[in-house]
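A.B. asks: Build the 3D model from these lines:
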Amino acid sequence: MSRLKIFASYRRALILGVTPFVSALIPIITAAKAPEKWREANCAFGLIVMAVYWTTEVIPLSVTALFPVFIFPLLNVAPAKVLCMQYLKDTNMMFVGGLVVAVAVEHWNLHKRIALKILTLVGSKPRWLMLGFMLPTWFLSMWISNTATTAMMIPIAQAVINQLKQPKKGIDNEVISDKNEDVDQSDIILNGIKSETSVPNGVGNTDEENFKEGKQEENLKEDKLIIEEEEDEEWKRLCKGMSLCVAYAATTGGIATLTGTGPNLIMKDDVDEYYDHHNDTSGLSFGTWMAFGLPTSAITLIIAWFWLQFMFIGFGKSKNVNDEGVKAVIKKEYDSLGPMSFAEKSVLAHFVILALLWLTREPEFIPGWADLFHDKYIVDAVPAVFIACMLFIFPSEKPHFTNERTVVPLLKWKTVAQMFPWHIVLLLGGGFALAEACKVSGLSALVGTALKVFEGLHPVVLVLCLCAIVALLTEVTSNVAIASLFLPIIISLAVEIRIHPLYLAFPCALSTSFAFMLPVATPPNAIVFSYGHIRVIDMVKAGVGMNIICLGVVTLAINTWGKAIFNLDTLPSWMTNPQSANITTAMANITVGPHN
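C.D. replies: Model (predicted):
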C-alpha cells in the first residue's frame, strides 16, 4: 500500500489527534513569551481546533459547533453559562421561525407550484427556459433552504433537458429513384445546399454508376453523422448551462434576505453586539437588509444569466429545440399538482403575512409597527415564531361544523421533526458562541490590531481583498463556519482602522456565499454535479467568472446604495471616542481569570 493510501486510510484519526497537539504550541509559547496574553492564546487554541475540524469535516459540522460549550470554559476563556445562551439567541429564534414556515411551504408543495407557474409563463427557447428556472429558484431560496430549492428544481430541469434533445431527421434528401426508372437528374440537399448530380438515362445503371450512387449515399451518412455529433455537443452544453443556472440562482437568492443563509444572521448578530454595548443600534433589520441585499442579488442574477449564456449556449438563434415537448413536460408537471388547495392558500397567506411583518417592523425611513411597543421589546424573532406557532393551529381544510371528523392543522410536530434542519441551528449557535469567546477573551481585538497594517490601503481595495480571501476559503468549507471565524475579526479590523463596521462586514458576509467553483463548495453545487452533466473543469471555468462578477457587484453595491441606506460615510458615535472604540478589550475584563 502506497504512503498516500495509508494517509488516506488514517486521515481522520491523524487530523483528530494531531490538530490539538500542534495547536497547543500557541498557549505554550505565549506562556513563555507573553504570559499576560494567556486568555487570547487559549482562545486561539480552541479557534484553530474548530477551524481545522470545520474545514476538513472529520466530524460533523454541527458536532464541532458544540465545542465552545466545553472547550472555552475548561480553558478559562469564558463562562459556560454565557456561551450556552448563544445557541438560542433572538437571531437563532428568528431563523427557527423562518425555517418552520419553510417546512410548511415544502410540505404542501407550494414551492413547486410557484416554480412551475413561472416556468409556464416563460418561453420554451433555451435562454428563456434558463431564466425561467433561475427566477423561481432565486425567489424561493430567499425564504427556504437553497438545498431544498435546488433538490426540488433539478428534477424538473432534468425532465425539460431531456425534451430539448430531439432526434433529428435533419438531412432532407431525395432518395435516388428506382434503378429501373428513367431519371434525368437527382437533387441532393445537404446542409441546405442543393447539389445536382447528372444521371444518364437508361433502363439500368452500370457498375460505375452504382459505385457513384453508393459513394453519394456514404457521403450523406458521414455528413449526417457529423450533424448529429454537433447537435449532441450542443445538447451537452445546454445540459451544463441549465444545471448550473439552478445552483447559481439558489446561491445568489440567499443573499437577498436576512434569513436567506446563515452568514447573514451571523453578521447581523456580530454587528449588533458591538452597537448594543454602546446603547446604539446598527440599523440592520429584515427590511434594511432587503433594501441592500435584494438589488445586489438581482443584479448578480441577471449577470449570471448572461454569463451562462455566453459560456454554454451563445447569444445567437437557438436551433433544434423541441418546443412542444418542453411545453408539454412543464404543463404535465403543473397539472399533476391539481387545483390549489385550501392548505396551500393558507400557507401562502401565512408566508405573505410574515414577510410583511418583517418588512414593516422597523423600516427606518418611516415608523414601524414595533414602535407601538416598548423599545427593543420587538425583534424579528417575534413575528417569525408567532407565524410558526399559528401553522400548528390553523386547519388544513375548510372547517365544517357539521363534520365530526378531526381537522388536521397545517403542520404537525412529526413533520417538522423530520424536515427541519436542526444541524443548521446548532451550527449557527456554535458560530455565535465562538464569536463571543473571541470577543470576551480579547482575541478579536488583538487580531484586529495586528491587521492594522492594512490601514494604508484604500477602502475599496481593502473590501476587494477581504472579499476575495473569504470567497476563496468558502470554496472548501462551510460558509457558516467561515463567517463565524472571520466576521468578528473583520469587524474588529474596521474598528481599529476607523472604517464603518458595516462597510467591511456586509460585503464579506455576502462573499461567504459566493461558492461557485467546486462541487464540494455548497450543497446546490453538489446536487447539480451529481446528475452527471457537468465536469469539475466546467464548474471551475464558469465559477471563476461568477466569483469575479459577484465580487465586483458587491463592491459596487457597498459603495453606492449601501452608503446611502446605512450612512456609511459617517462613523457611529461610539467609534469617534478612542476610549470606547476598542470594546472587545474592555469586555475581556468580564471573564474569570485563571485559578491560582
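A.B. asks: quick one: contacts for the residue nearest the centre of the chain?
C.D. replies: A centroid search over the chain (C-alpha atoms, centre = their mean) returns T251, at 2.6 Å, as the residue closest to the centre. With contacts defined as C-beta atoms under 8 Å, 6 or more residues apart in numbering, T251 is in contact with 141, 146, 513-516, 522, 524. Yep, even glycine has a C-beta here, placed from its N, CA and C like the rest.
A.B. asks: what does K563 give?
C.D. replies: By C-beta under 8 Å, 6+ apart, the residues touching K563 are D569.
A.B. asks: try the one 10 residues further on
C.D. replies: When contacts are counted by C-beta under 8 Å, 6+ apart, S573 is found next to 278, 280.
A.B. asks: L473 now?
C.D. replies: By C-beta under 8 Å, 6+ apart, the residues touching L473 are 482, 486.
A.B. asks: Read off the pLDDT value for it.
C.D. replies: For L473, the pLDDT comes out at 88.
A.B. asks: contacting residues for T360?
C.D. replies: By C-beta under 8 Å, 6+ apart, T360 lies in contact with 287, 368-369.
A.B. asks: Give me the buried subset of those.
C.D. replies: 287, 368 (16 or more other C-beta atoms under 10 Å).
A.B. asks: can you redo the contacts of T360 as CSV with pLDDT and secondary structure?
C.D. replies: Output for the contacts of T360, formatted as CSV (pLDDT from 0 to 100; DSSP: H, G, I helix; E, B strand; the rest coil):
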residue, pLDDT, secondary structure
G287, 89, helix
G368, 86, coil
W369, 90, helix
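A.B. asks: Now the contacts of T360 in a markdown table, please, with extra columns for distance to Y334.
C.D. replies: Shown next, in a markdown table, are those (distance: C-beta to C-beta, whole Å):
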| residue | distance to Y334 |
| --- | --- |
| G287 | 33 |
| G368 | 38 |
| W369 | 37 |
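A.B. asks: Was I right to think H278 contacts P572?
C.D. replies: Yes. With contact defined as C-beta atoms under 8 Å, H278 and P572 form a contacting pair (7.5 Å).
A.B. asks: where does the nearest residue to V122 once chain neighbours are set aside land on pLDDT?
C.D. replies: Closest residue in space to V122, ignoring its immediate chain neighbours: G132 at 3.5 Å, by C-beta to C-beta, 6 or more residues apart in numbering. pLDDT, G132: 90.
A.B. asks: Doesn't G132 belong to a helix?
C.D. replies: Yes. Looking at G132 with DSSP: H, G, I helix; E, B strand; the rest coil, it is inside a helix.
A.B. asks: show me the contacts for P524.
C.D. replies: P524 makes contacts with 146-147, 149-150, 246-247, 250-251, as judged by C-beta under 8 Å, 6+ apart.
A.B. asks: From L284, how far out is A44?
C.D. replies: Distance, A44 to L284, by C-beta to C-beta, to the nearest Å: 28 Å.
A.B. asks: Please say which of those two ends up with more neighbours.
C.D. replies: Remark: of A44 and L284, L284 carries more neighbours, 24 against 21, as counted by other C-beta atoms under 10 Å.
A.B. asks: ranges for the strands of the stretch 51-200 of the chain?
C.D. replies: For the stretch 51-200 of the chain, applying DSSP state E, counting those that start in this stretch gives strands covering 185-190, 193-198.
A.B. asks: check contacts around the closest residue to E57 other than its chain neighbours.
C.D. replies: Excluding its sequence neighbours, the residue lying closest to E57 (C-beta to C-beta, 6+ apart) is T477, at 7.7 Å. T477 is in contact with 54-55, 57, counting by C-beta under 8 Å, 6+ apart.
A.B. asks: Okay, now the unreliable bits of the stretch 401-550 of the chain?
C.D. replies: Residues of the stretch 401-550 of the chain that meet the criterion pLDDT under 70 lie in 401-404.
A.B. asks: returning to that earlier point: who wins for neighbours among the contacts of T477?
C.D. replies: Going by other C-beta under 10 Å, W54 tops the contacts of T477 with 25 neighbours.
A.B. asks: My guess is that residue contacts A481. True?
C.D. replies: Yes. Between W54 and A481 there is a contact under C-beta under 8 Å: 3.9 Å.
A.B. asks: Find residues that contact each of these two.
C.D. replies: Residues touching both W54 and A481 by C-beta under 8 Å, 6+ apart: L61.
A.B. asks: neighbouring contacts of stretch 390-410?
C.D. replies: So stretch 390-410 is contacted by 100-101, 104, 108, 342-343, 346-347, 350, 411-413 (C-beta under 8 Å, 6+ apart).
A.B. asks: Most neighbours among these, which one?
C.D. replies: Top of the contacts of stretch 390-410 by neighbour number is A104, holding 29 neighbours under the definition other C-beta under 10 Å.
A.B. asks: mind listing what's buried in stretch 364-378?
C.D. replies: By 16+ other C-beta under 10 Å, the buried positions in stretch 364-378 come out as 368, 370, 378.
A.B. asks: so how far is that stretch from its chain's centroid?
C.D. replies: Here stretch 364-378 is found 31 Å from its chain centre; the criterion is C-alpha atoms, centre = their mean, to the nearest Å.
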